[in-house]
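**Student:** Fold the following and give me the result.
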Amino acid sequence: MTVFTLPQAVKEARLVPELAALTERHRTACPPYRRVLAALGHAPPYDSVAALPWLPVRLFATHELKSVPDEAVFRVLTSSGTTGGPPSRVFLDRAAAAAQARALAATLRAVLGERRLPMLVIDSRSVTRAAALSARGAGVLGMMNFGRDHTFALDDDGAPDLHAVRGFLARHAGTPYLIFGFTFMTWRHLYRPAREHGLDLSGGVLIHSGGWKKMADEAVDNAVYRERFAADTGLTRVHDFYGMVEQIGTIFLEGPDGGGLYCPGFADVVIRDPVTWQEVPPGTPGLIEVVSTLPTSYPGHAVLTEDMGVVHGVDDGVWPGKRFSVLGRLPRAEARGCSDTFRAVGEEAA
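**Tutor:** This next block holds a predicted model:
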């Protein structure tokens, strides 16, 4: 059983009461959230996911939003934020941190299976050793919990280490292995060397995210990315993901056929008109709202992002539920990396 099994109507029927209960929990425990709801006139009952109140993502950078006492805060996560701008802050207690780590592991099991796979990291080990850990380094460290025999494709100076990659592929020939990296890194430092040197990556499962703006500069979209990896390296199991620190532990994972991102059973998306804020039908672009039952220690269960997206269909793909794509940032929106998704998941994901 994976987290991608529920038809949309069944999932929504389960999510609405859980999310409504979270709304009331946070209304009671988080005074700033209570004031927002009061100012907007939001009150139950809620008859759909789209009817639930949401918070704009930037509030997590400008306000201290938590629903647990200070002494219960186990970890404070921060996003990479804008250059010079304040980062988002997410307050976790131990129960929330553990639940989010379990949920992330369950989501990835849908494509990785139950056992830890050998792992090829398309980055440098030095990115995980910096005194001030970057969002990219945090992403790599978090994802390393899902692999073993970690091998880095770049040396400490950031140059391709073809010897290390060849050794990894030789050790694990004939068995599946995990490849992780940010999208532009995997293109420049995995696809190109593999094509040039004739490396066979057919045993890999590639998990990647972020960096599509840099890819667009090279006229490479998701379809081209998948096609070239398959044709030139034999790598066909490729999964993009979408997520953010404001809903740590929740990722929206690309299906096996590359036809879109899917929502796990504990989460969903709503696409809203950026002028009226109303939900728009499939096929109409709008702002992405992400919802999840995981944020119990802070009111992040319904967050309006600054990303544009579109739902392509419902219950019509390889997995049930909504099938959607991210189209890019709202103009002037802050540029942040999806590496925040894995920040500080740490040992709980083991």
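**Student:** ok, now how distant is residue 69 from residue 293?
**Tutor:** 22 Å (C-beta to C-beta, to the nearest Å). The C-beta positions use only the backbone N, C-alpha and C, and glycine is treated the same way.
**Student:** Which one's more surrounded, these two?
**Tutor:** Using other C-beta atoms under 10 Å as the criterion, residue 69 and residue 293 rank with residue 293 on top: 19 against 9.
**Student:** Torsion angles phi and psi at the closest residue to residue 285 other than its chain neighbours?
**Tutor:** With C-beta to C-beta, 6 or more residues apart in numbering as the criterion, residue 285 has its nearest non-adjacent residue at 4.6 Å, and that residue is residue 310. Backbone torsions of residue 310, given as degrees, to the nearest 10, read phi -150, psi 140.
**Student:** May I have the beta-bridge partners of residue 310?
**Tutor:** Residue 310 has the following beta-bridge partners by DSSP bridges: residue 325.
**Student:** Might you report the residue contacts of it?
**Tutor:** Residue 310 makes contact with 271, 282-286, 324-325, 327, according to C-beta atoms under 8 Å, 6 or more residues apart in numbering.
**Student:** which other helices and strands contact the longest helix along the chain?
**Tutor:** Using DSSP state H, we find that the single longest helix of the chain is helix 8-29. Where contact means 3 or more C-beta pairs under 8 Å, 6 or more residues apart in numbering; DSSP states H and E, helix 8-29 is packed against helix 31-40, strand 267-272, strand 302-314.
**Student:** Mind listing residues that contact it?
**Tutor:** Residues outside helix 8-29 that contact it (C-beta under 8 Å, 6+ apart) are 6, 33-34, 37, 42, 44-49, 52-53, 67-68, 263, 265-266, 268, 291, 293, 295-296, 298-299, 301-302, 314-315, 320-322.
**Student:** try stretch 185-205
**Tutor:** For stretch 185-205, contacts defined as C-beta under 8 Å, 6+ apart pick out 111-112, 117, 120, 122-123, 153-154, 160, 162, 165-166, 169, 172-179, 181, 206, 208, 211, 215, 218, 220, 225, 228-229, 232-237, 239.
**Student:** buried subset of these?
**Tutor:** Buried by 16 or more other C-beta atoms under 10 Å: 111-112, 117, 120, 122-123, 153-154, 160, 165, 169, 172, 177-179, 181, 206, 208, 211, 215, 220, 225, 228-229, 232-233, 235-237, 239, out of these.
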